[in-house]
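Undergrad: Provided below for reference: sequence and predicted model.
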Amino acid sequence: MKQLITLDDLQDFDALIEEMVALKKQPFAHTALGRNKTLGVLFFNPSLRTRISTQKAAQNLGMHTIVMNFNNEGWALEFEDGVLMNGTTSEHIKEAAGVLSQYFDVLAVRAFASLEDKQKDRAEVVLRSFAKYASIPIINLESATAHPLQALADALTIKTFQKTARPKVVLSWAPHPKALPQAVANSFVRMMHRMDAEFVITHPEGYALDPEITKEATILYDQKQAFEGADFIYTKNWSSFEQYGQILRTDDIWKVSATKMKWTNNAYFMHCLPVRRNVVVDQDVLESPQALILEQANNRTFSAQAILKKFLDEA
Amino acid sequence: MKQLITLDDLQDFDALIEEMVALKKQPFAHTALGRNKTLGVLFFNPSLRTRISTQKAAQNLGMHTIVMNFNNEGWALEFEDGVLMNGTTSEHIKEAAGVLSQYFDVLAVRAFASLEDKQKDRAEVVLRSFAKYASIPIINLESATAHPLQALADALTIKTFQKTARPKVVLSWAPHPKALPQAVANSFVRMMHRMDAEFVITHPEGYALDPEITKEATILYDQKQAFEGADFIYTKNWSSFEQYGQILRTDDIWKVSATKMKWTNNAYFMHCLPVRRNVVVDQDVLESPQALILEQANNRTFSAQAILKKFLDEA
Amino acid sequence: MKQLITLDDLQDFDALIEEMVALKKQPFAHTALGRNKTLGVLFFNPSLRTRISTQKAAQNLGMHTIVMNFNNEGWALEFEDGVLMNGTTSEHIKEAAGVLSQYFDVLAVRAFASLEDKQKDRAEVVLRSFAKYASIPIINLESATAHPLQALADALTIKTFQKTARPKVVLSWAPHPKALPQAVANSFVRMMHRMDAEFVITHPEGYALDPEITKEATILYDQKQAFEGADFIYTKNWSSFEQYGQILRTDDIWKVSATKMKWTNNAYFMHCLPVRRNVVVDQDVLESPQALILEQANNRTFSAQAILKKFLDEA
């Protein structure tokens, strides 16, 4: 494996979940593996969980970590080939990726969707450019269309709490005052296709995700029907994919509430955080014993650690 | 001890001073104690001494440190309960504190006073919210009303240089072009109440500190009378507590000078830094052999290290 | 050696090159040397290669590193002596340098030229003030007029690739849309005076470097004549020294191209990066097998490591 940009890059999904379980039990069992190895972490966007859990994961493996906030600490990067660089960009990705490949053993990058140019976002220009021009493994810390480490953490969370061999899992669109990317939802869908589960996506009309990604999924416009019998409710906002990056509605009808949770089979509640209380979901749901949000965040350390370990093992 | 927000949280003051003395002699005597432990450091405000001395303290104990500048690296936090989060804040303190408690073993936070809302500042919303919702120890790196690690460093400085069992220590208000918090002064007063000393506060009328904190202190409006016979002069500006956050005067009458230092018993000069030269105090005083400002800054490492060690010992 | 501000501070140039060669072969041969030692790294300007390679160098020696971005994380510094600090600066360099000397074992500082005040830039106010008031070794990570670690990395690159005992090396001015400092060029010139080489500087009229630095160098205004027989072409923009900080021409006549490289003795191409493609040099030159730009960047780790090791050895 040379990169983890989407979950499609990952062949051995079940083995990786097993590795995550093992690392969570004994986080410090492999502190010699990362000796004298360095993880580079580049942020083009804000981060709390990802920033810290990724550093923790590297520490747990005995690796050094060097973090760069690219927007205010480094040089503006150019991603287009053949361009005359007489504008605002100072350094071409070819040089940047080549240079960083010499300093780091693994490179992790966060670069959100623009939500302005659908083709550019789908092309994953930043992540795929790093992967193309770097000679070291690249890890996606949330890109324009994917957030695989979140999905892997969510998979571990579901595995840990599922009571039946084939739980019903519902991904439910939620309201939000800002236009958000589809990355988390996309990776959750990709992940569910690798799990043994009855998987349903529910969202209002106009909020269909990329059909390339959801082609195997059951999609319902009726949230109540979707919630019935559910074992896990995963809620998340995303802006429209068809009317790219647009907010199509501002009502709170799709917010998750305690009343809606009663439609389910006493389902667990999941969200990747950060979550806007009482906008996306009522706070009594977030504070209920069924909420797994802290567990999900904690599992981020172990999804990052499992992927890092895989790259170190294969190096 | 679950937190160090003000010095009132600290029971065994004298034992802690002894610990600081020991750590200063042998900073690396406990490098195994922090193995595989991580200190999280959150900054909502700028920092030089605190940023570096806190990292040094953790390093000396063998701990990892992960620093976050919350204003430009993370998500805007909401501290109010029950609010509909459809505005500028993206993440609630309940989630943030819960999540960080899983990643870190100890959490240190800097969040200055607003100087706009006296009740909110006195309530120490940021620090107390972290303490309330986190499940790990919280260390105050200067909050709205307190700076206990500075006061502990100052206590070690006084202990080291005092020539008599009961020195006279004067806290003297100073001019400043900007409105500054009362945090350093408050903690210095609290600390002096734990030391065996003749303690006097001197400031112009209108600059009384929180009477809850100074109720045991001698307060003089006559700076010369206060300085007479003093062994230590600690100068610091603060804005008005009564007319909250206001600057009441812009003259330089209260500036400390070599002439005023001659009123004392050849006193040592102290300031927590950063200090505006020739505004707060004349530079010849800062550069005199009696100035302990570098010693105070150096002792910041050992106050942080003593508190961290205490939390690790009790974990 | 108490500081490395320009290469003139370095006595044993050849021994240092030997050390760099040795460290590049075995980067982790001295991990005990930096045990419980801390490198402080202060940035007043953006940085990619310098930021990361300096941290790598310290890691390789077993040192801790604490990085500060001074512009947004710390206090505004005052460098002038005797000033009444009632303006925008909060802390004097005397205090800052004194305090940092207690926390760190070595201090590395990046502070670019203003390009506005020639005398101030030539005086190297920031770097020389740190060196004056700090009690620990100071390393220049690019100052107003010098970038010695880049020049040392370049020296190692030339040593590694030279095919003859006395190669011809050409420093060729290049176009650039922004006014850039002369620091890299200055240090390259100083370095070439220590190497056994035929050294030529070529630039348009009006772009002469500081004559104090170039007094021993051959200077040609004819780029073609300069390139003839060259073994190494080092290209770099700088703004005018005479008309200080000005851009005197905006044409692309001095850009390096494949055609111009044919004038040479199959020369290697060098640039310190970041480089604006097709402005400074055509991208086919950058991507040719003769380009040493990644090697130069990689060698930055070892120039920093050699200097750090020297300071640790001498401590």
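TA: Ah, there it is. Residues are numbered from 1 along each chain as shown, chains lettered A, B, ... in the order given.
Undergrad: do stretch A:118-128 and chain C meet at all?
TA: No - if you take C-beta under 8 Å from any C-beta of the partner chain as the test, stretch A:118-128 misses chain C, and the best it gets is 15.4 Å. Glycine gets a C-beta too; all of them are placed from N, C-alpha and C.
Undergrad: list the buried ones in that stretch?
TA: A:118, A:121, A:124-128 (16 or more other C-beta atoms under 10 Å in any protein chain shown).
Undergrad: span of that stretch from start to end?
TA: Using C-alpha to C-alpha, to the nearest Å, the span of stretch A:118-128 from its first residue to its last is 15 Å.
Undergrad: helix, strand, or coil at the spatially most distant residue from the centre of chain A?
TA: Going by C-alpha atoms, centre = their mean, the residue of chain A most distant from its centre is A:Asn86, 35.1 Å out. At A:Asn86 the chain is in coil, as set by DSSP: H, G, I helix; E, B strand; the rest coil.
Undergrad: from A:Gln243, how far out is the residue lying closest to A:Gly245 once chain neighbours are set aside?
TA: Closest residue in space to A:Gly245, ignoring its immediate chain neighbours: A:Leu115 at 3.3 Å, by C-beta to C-beta, 6 or more residues apart in numbering or on different chains. Look at A:Leu115 and A:Gln243: by C-beta to C-beta, to the nearest Å, they are 11 Å apart.
Undergrad: okay, these two: which has more neighbours?
TA: With neighbours defined as other C-beta atoms under 10 Å in any protein chain shown, A:Leu115 and A:Gln243 compare such that A:Leu115 has more, 19 against 12.
Undergrad: please, which helix or strand holds that one?
TA: Following DSSP states H and E, there is no helix or strand that holds A:Leu115.
Undergrad: pLDDT wise, what is it at?
TA: Model confidence at A:Leu115, given as pLDDT, is 96.
Undergrad: quick one: contacts for it?
TA: A:121, A:179, A:181, A:239, A:244-245 (C-beta atoms under 8 Å, 6 or more residues apart in numbering or on different chains).
Undergrad: give me the element the closest residue to chain C within the stretch 101-250 of chain A is part of.
TA: When scored by C-beta to the nearest C-beta, the stretch 101-250 of chain A has A:Gln102 as its residue closest to chain C, at 4.3 Å. Taking DSSP H and E as the definition, A:Gln102 sits inside helix A:93-103.
Undergrad: and if you look at A:Ile201?
TA: In this assignment (DSSP H and E), A:Ile201 forms part of strand A:198-202.
Undergrad: list the buried ones in that strand?
TA: By 16+ other C-beta under 10 Å, the buried positions in strand A:198-202 come out as A:199-202.
Undergrad: who does the helix or strand following it touch, helix- and strand-wise?
TA: Following strand A:198-202 in sequence order, the next helix or strand is helix A:211-214 (DSSP H and E). Judged by 3 or more C-beta pairs under 8 Å, 6 or more residues apart in numbering or on different chains; DSSP states H and E, helix A:211-214 is in contact with helix A:183-192.
Undergrad: A:Ala230 contacts A:Lys262, doesn't it?
TA: No - contact status for A:Ala230 versus A:Lys262: not in contact, 11.2 Å apart, counting by C-beta atoms under 8 Å.
Undergrad: and the two? which has more neighbours close in?
TA: Shown here are A:Ala230 and A:Lys262; by other C-beta under 10 Å, A:Ala230 has more neighbours (23 against 10).
Undergrad: how about that one, what does it touch?
TA: Counting by C-beta under 8 Å, 6+ apart, A:Ala230 has contacts A:168-170, A:200, A:263-265, A:267.
Undergrad: now a ChimeraX select for only the buried ones of those.
TA: To isolate the buried ones among these in ChimeraX, judged by 16+ other C-beta under 10 Å, type:
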select /A:168,169,170,200,263,264,267
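Undergrad: next, format the contacts of A:Ala230 as TSV and append distance to chain C, secondary structure and pLDDT.
TA: Shown next, in TSV, are the contacts of A:Ala230 (distance: C-beta to the nearest C-beta, whole Å; DSSP: H, G, I helix; E, B strand; the rest coil; pLDDT from 0 to 100):
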residue	distance to chain C	secondary structure	pLDDT
A:Lys168	47	strand	98
A:Val169	41	strand	98
A:Val170	43	strand	98
A:Val200	45	strand	98
A:Trp263	48	coil	98
A:Thr264	46	coil	98
A:Asn265	50	coil	98
A:Ala267	44	coil	98
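Undergrad: which one of the contacts of A:Ala230 is nearest A:Lys94?
TA: A:Val169 (41.6 Å; C-beta to C-beta).
Undergrad: give the contact list for that closest one.
TA: A:Val169 makes contact with A:158, A:192, A:195, A:197-200, A:230-232, A:234 under the criterion C-beta under 8 Å, 6+ apart.
Undergrad: do that again at 6 Å, thanks
TA: If you count contacts by C-beta atoms under 6 Å, 6 or more residues apart in numbering or on different chains, A:Val169 has them with A:197, A:199, A:232.
Undergrad: which one among the residues you listed gets closest to A:Lys132?
TA: Out of the contacts of A:Val169, the member with the shortest distance to A:Lys132 (by C-beta to C-beta) is A:Phe199, at 32.4 Å.
Undergrad: before we move on, back to that, got the angle for the strand holding A:Ile201 vs helix A:183-192?
TA: 160 degrees (axes from the mean of the first three to the mean of the last three C-alpha atoms, to 10 degrees).
Undergrad: show me what strand A:198-202 is packed against.
TA: Packing partners of strand A:198-202 (3 or more C-beta pairs under 6 Å, 6 or more residues apart in numbering or on different chains; DSSP states H and E): strand A:168-173, strand A:218-220, helix A:223-227.
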